[in-house]
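Asks: predicted model and sequence below, questions to follow.
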Amino acid sequence: MKPLLPLVCAMLSISVAMAQKEKVVKKLPAVRTTQKIVIDGDLSDEAWKSAPLVTNLVEWRPAYGNKELDKNRTEIRILYDNANIYVSGFCHEAPDSISTELVGRDVVGVNDFVGVLFDTYNDKINGFGYYVTPLGEQYDAKYSSNGEDGSWSSVYETKAKIVPGGWVFEMRIPYSAIRFSNTQKQDWGINITRRRTKSGIQLMWNPTDPTIGGNFFAQFGLWTGIEDIKPPVRLSFSPYFSTYVNHYPYNDPTIKNVATAVNGGMDVKYGISQAFTVDMTLIPDFGQVQSDNQVLNLTPFEVKYNENRTFFTEGTDLFSKGNLFYSRRIGGTPLHYNDVANQLQPGESISQNPQETRLINATKLSGRTSSGLGIGFFNAITNPQYATIESGGKDTRKIETDPLTNYNILVFDQSLKHNSSVSLINTNVTRAGNDYDANVTAALWDLYDKKNDWNLNGKFAVSQLIGYQANGANETGHDHTLSLNKTGGRFNMTVWEELADNKYNSNDMGYFTNNNFMDHGFWLAYKWLKPRAWYNRIQLNINGSLSMRYKPWDYQNVWLNFNGNSQLKNLWYIGGGFNYRPQANDFYEPRVAGQVFRRPAYAYYGLWFQSNNAKKYSGFGQVYRNYSGQYHSDGYDIGFGNQYRFNKKFTLSTNTNISFSNNDLGYATIVNDSSIFALRKRITVENIFTAKYNFNNVMGLSFRARHYWGRVNNKKFFSLATDGSMIDNPNDYTSSANYNVNYFNIDMVYTWQFALGSFIDVVWKNAIGTQDLRVSDPYLKNLGNTLSAPQLNSLSVRVIYFLDYLSLKKK
């Protein structure tokens, strides 16, 4: 580490010496209108003449500080009345320089766009963004100290047109789509952004310096003098109706191949005050969400899948504090799913054992007071789940695999000066019956200095498993993290520490792999932000960490990483990196308590690129090599993708990832309570094909097919020595340690937004999964065998209709 110290000190001295520029705060007077505005993309409404003109945007990236050219100037006007905020704009641009693509709601794609962002409490941390593209498609987002939440959705109205000299738009944001205080006179933080995709330029109305740390809301202007607006009654209902037809060839005359289902339920949003909203989903239906990207998991830890259920992704920024909430726990695998086989009597077998629990309802309450106190409350209840046991060809009894369960989160998050905040979060899982309950409480802090140059953040958490131990006693553990960060300037750095004792466990409501460690790490970065002859920006990074086992104290691993990336003048991105990890002690790979695997030293290095995605054709590629000398382990990770936009409606894309290694050393199986390891040949191939056709900005059709193949062919077996080294084992365990796994999925979705907030979705899903020991079959044979295997097909139709209380009241 000593050779790095002079470089670090030099960078620090340069950074401290650089004078902090005064932040520019532009002001826009708020103007009320009493005239009618029709949202039709025609800017000739008389009301717009009274609105002040917003222009002279400043380049944000790639060349911060440049003023927009007159030929590409942006002209924005904003008005408000008793019920809405109105925004209009003329974006001057040559017709062939406007980037357009029909991609559907809440997807940006390669479109140009304009966004207006409001910090309604002017706390410089939290806010809302409303965007529109030249084709009138919408993207909205909620902002917090966690960043941008693009899954948050509101109901607002837009209309855009491409006209001679550029494109124009109008936007109506009802007060029911935004949260603000009930103060008689208010000033809101505001910024306006425009992206010109083909030029690679994004602009801001209020200058936003990328060398200033913290949330970019701290660099907003002000919308001043908003008077006499009142938060409306925010009450909406979204009842839904869905029907399913599923087919699977059971080849069993006692089981029907075709099953049907009809579901109904409702989502409710209610603003209980000007600041707080309750979201409820009653008898939810998540059968149309995108299929999981299943993989062959050779690690000792659970695979973390993405959350695709809208209710659990939308507006959950408060509940994400402290990284204690993994929403897939709700409605996930039953607690005793894997225990059923151990409870069978002679002559019994498992008839049914559902892999998911059934969600009855879920409720979210969230909001923020005018004093900056954010409060979040989440609650969900799942039904008991049972496995069905048969004997003599008849169902005879049921075994409970998951009790009636309540999931709960409570969050308090106080915004402070200078973009800072402190938070308290509690997660709780309460189960009916004799199963244990779980509780985790954490305090968090995120503190910046006055100039947003330095940051101190951390967490202290305590977990309790109530009634977890065999004698009914509780098990209590703790975890803490502490991080010091330099966030301002071109040189950035982080030093951090995390400790989790051997009893800390947040798994019941969070994603959790292991405890019992003390880790220390660092990250250093330097950025060149001023465009030069061949690049727009460059960033170089160095980071590393040391991990120790906490009890009993022992070395685990250390690693070091160098990487860099750059945006070139042609808007391509390139990058690469080098990782090195010396010999390590792995206490988890053996899967047997008390054993350790002495993992050989390892190096991983490679390059990647991404072409300009504003072009009709774009692509990416990466090649990384891994090497470990002890057993001459050698492998590559190769990825590449292609996308071609035939026109603004139709796009095709492919994505391929290939990973293979020879003489990879890892866990194979357990024999007589001892781990068996093996040198193995591994290969993984993933191919994804997507097609998208959008008829217009409210109707589209998408198709996604994914095939995953994972193969493990063990060549030589070893037993583990007490010191973690390998001892030759002459036995053959291939029947229990070889894998040949295939997953194939299709998700085809037709969606039509037939009214504001109202949708019809028709979905076809196909799912195939196979596992065998044919490790000599090549890829194409595996694909053919998979497509000829039994497959589950599902066709569903779902109608959801948005009903707004105020609109109904007017009618």
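Replies: Sure, I can see it.
Asks: residues in contact with Ala362?
Replies: Met280, Thr281, Pro284, Phe311, Phe312, Ile330, Phe378, Asn379, Ala380, Ile381 (Cβ atoms under 8 Å, 6 or more residues apart in numbering). For the C-beta atoms, the positions are set from N, CA and C on the backbone; glycine is no exception.
Asks: quick one: the strands in the stretch 701-811 of the chain, in order.
Replies: Along the stretch 701-811 of the chain, the segments classed as strands by DSSP state E, counting those that start in this stretch run 726-729, 739-755, 758-772, 792-800, 803-804.
Asks: now do the stretch 551-700 of the chain
Replies: 554-568, 573-581, 584-586, 597-599, 602-610, 617-628, 633-645, 650-671, 674-696, 699-720.
Asks: buried set for the fifth one?
Replies: Right, the one you point to is strand 602-610. Of the residues in strand 602-610, Tyr602, Tyr604, Tyr605, Gly606, Trp608, Phe609, Gln610 count as buried by neighbour count, 16 or more other Cβ atoms under 10 Å.
Asks: before we move on, the earlier item: out of the strands of the stretch 551-700 of the chain, flag the one nearest Val303.
Replies: Of all the strands of the stretch 551-700 of the chain, strand 699-720 sits nearest to Val303, with 12.1 Å by Cβ to Cβ.
Asks: starting at the chain centroid, how far to that closest one?
Replies: Here strand 699-720 is found 22 Å from its chain centre; the criterion is Cα atoms, centre = their mean, to the nearest Å.
Asks: in its sheet, what does that strand sit against?
Replies: strand 674-696 (antiparallel), strand 726-729 (antiparallel), strand 739-755 (antiparallel) (DSSP bridges).
Asks: mean pLDDT and distance to Thr133 added to the strands of the stretch 551-700 of the chain, as a markdown table?
Replies: Shown next, in a markdown table, are those (pLDDT from 0 to 100; distance: least, Cβ to Cβ, whole Å):
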| stretch | mean pLDDT | distance to Thr133 |
| --- | --- | --- |
| strand 554-568 | 98 | 22 |
| strand 573-581 | 98 | 23 |
| strand 584-586 | 97 | 49 |
| strand 597-599 | 96 | 49 |
| strand 602-610 | 97 | 22 |
| strand 617-628 | 96 | 18 |
| strand 633-645 | 96 | 14 |
| strand 650-671 | 96 | 15 |
| strand 674-696 | 96 | 12 |
| strand 699-720 | 96 | 14 |
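Asks: now those in CSV, with distance to Ala47?
Replies: Listed next are the strands of the stretch 551-700 of the chain as CSV, based on distance: least, Cβ to Cβ, whole Å:
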stretch, distance to Ala47
strand 554-568, 41
strand 573-581, 43
strand 584-586, 67
strand 597-599, 69
strand 602-610, 44
strand 617-628, 41
strand 633-645, 37
strand 650-671, 38
strand 674-696, 28
strand 699-720, 31
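Asks: neighbours of the nearest residue to Leu679 once chain neighbours are set aside, how many?
Replies: Nearest in space to Leu679, with sequence neighbours left out and distances taken as Cβ to Cβ, 6 or more residues apart in numbering, is Lys716 at 4.6 Å. Neighbours of Lys716 under the rule other Cβ atoms under 10 Å: 15.
Asks: distance of Lys716 from Asn662?
Replies: Taking Cβ to Cβ, to the nearest Å as the measure, Lys716 falls 12 Å from Asn662.
Asks: one more: Phe517?
Replies: 31 Å.
Asks: those two: who's more crowded?
Replies: Phe517 (20 against 15).
Asks: got phi/psi on that one?
Replies: Backbone torsions of Phe517, given as degrees, to the nearest 10, read phi -150, psi 160.
Asks: return the set of residues that bridge with it.
Replies: Ala500, Arg549.
Asks: quick one: which of the strands paired with strand 699-720 is nearest Gly666?
Replies: Across the strands paired with strand 699-720, closest to Gly666 is strand 674-696 (Cβ to Cβ), at 6.5 Å.
Asks: picking that back up, how close does the residue nearest to Leu679 sit to Glu302?
Replies: 29 Å.
Asks: can you list contacts of the helix or strand encompassing Met493?
Replies: For Met493, the host element (DSSP states H and E) is strand 491-500. If you take Cβ under 8 Å, 6+ apart as the criterion, strand 491-500 is touched by 8, 11-12, 14-15, 213, 477-486, 515-527, 550.
Asks: next, the distance between the ends of stretch 138-154.
Replies: 10 Å (Cα to Cα, to the nearest Å).
Asks: actually stretch 506-523, not the one I wrote
Replies: 26 Å.
Asks: mean confidence score for that stretch?
Replies: Averaged across stretch 506-523, pLDDT comes to 97.
Asks: that older thread, so for Lys398, which of the strands of the stretch 701-811 of the chain sits nearest?
Replies: So among the strands of the stretch 701-811 of the chain, strand 792-800 is nearest, using Cβ to Cβ, at 24.1 Å.
Asks: what strands flank that closest one, and is each parallel or antiparallel?
Replies: Assessed with DSSP bridges, strand 792-800 is paired to strand 235-247 (antiparallel), strand 758-772 (antiparallel).
Asks: export these to TSV and tack on mean neighbour count, mean pLDDT and distance to Asn541?
Replies: As requested, the strands paired with strand 792-800 are arranged in TSV below (neighbours: other Cβ atoms under 10 Å; pLDDT from 0 to 100; distance: least, Cβ to Cβ, whole Å):
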stretch	mean neighbour count	mean pLDDT	distance to Asn541
strand 235-247	17	95	44
strand 758-772	17	96	39
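Asks: next, format the ones you listed as CSV and append distance to Leu465.
Replies: CSV is the format used below for the strands paired with strand 792-800 (distance: least, Cβ to Cβ, whole Å):
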stretch, distance to Leu465
strand 235-247, 37
strand 758-772, 33
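Asks: out of those, flag the one nearest Thr208.
Replies: Once those are compared by Cβ to Cβ, strand 235-247 is nearest, at 33.5 Å.
Asks: which parts of this structure are helices?
Replies: Here the chain has its helices, by DSSP state H, at 4-17, 310-313, 734-737, 779-787, 805-810.
Asks: quick one: mean pLDDT for the third one?
Replies: So the one you mean is helix 734-737. Confidence over helix 734-737, taken as the mean pLDDT, stands at 86.
Asks: switch to numbering from 372
Replies: All set: I'll call the first residue 372, so the last point we hit is now helix 1105-1108.
Asks: what is it packed up against?
Replies: With contacts defined as 3 or more Cβ pairs under 8 Å, 6 or more residues apart in numbering; DSSP states H and E, helix 1105-1108 has these neighbours: strand 1021-1042, strand 1070-1091.
Asks: the fourth one now?
Replies: The criterion is 3+ Cβ pairs under 8 Å, 6+ apart, and the helices and strands that helix 1150-1158 contacts are strand 1070-1091, strand 1110-1126, strand 1129-1143.
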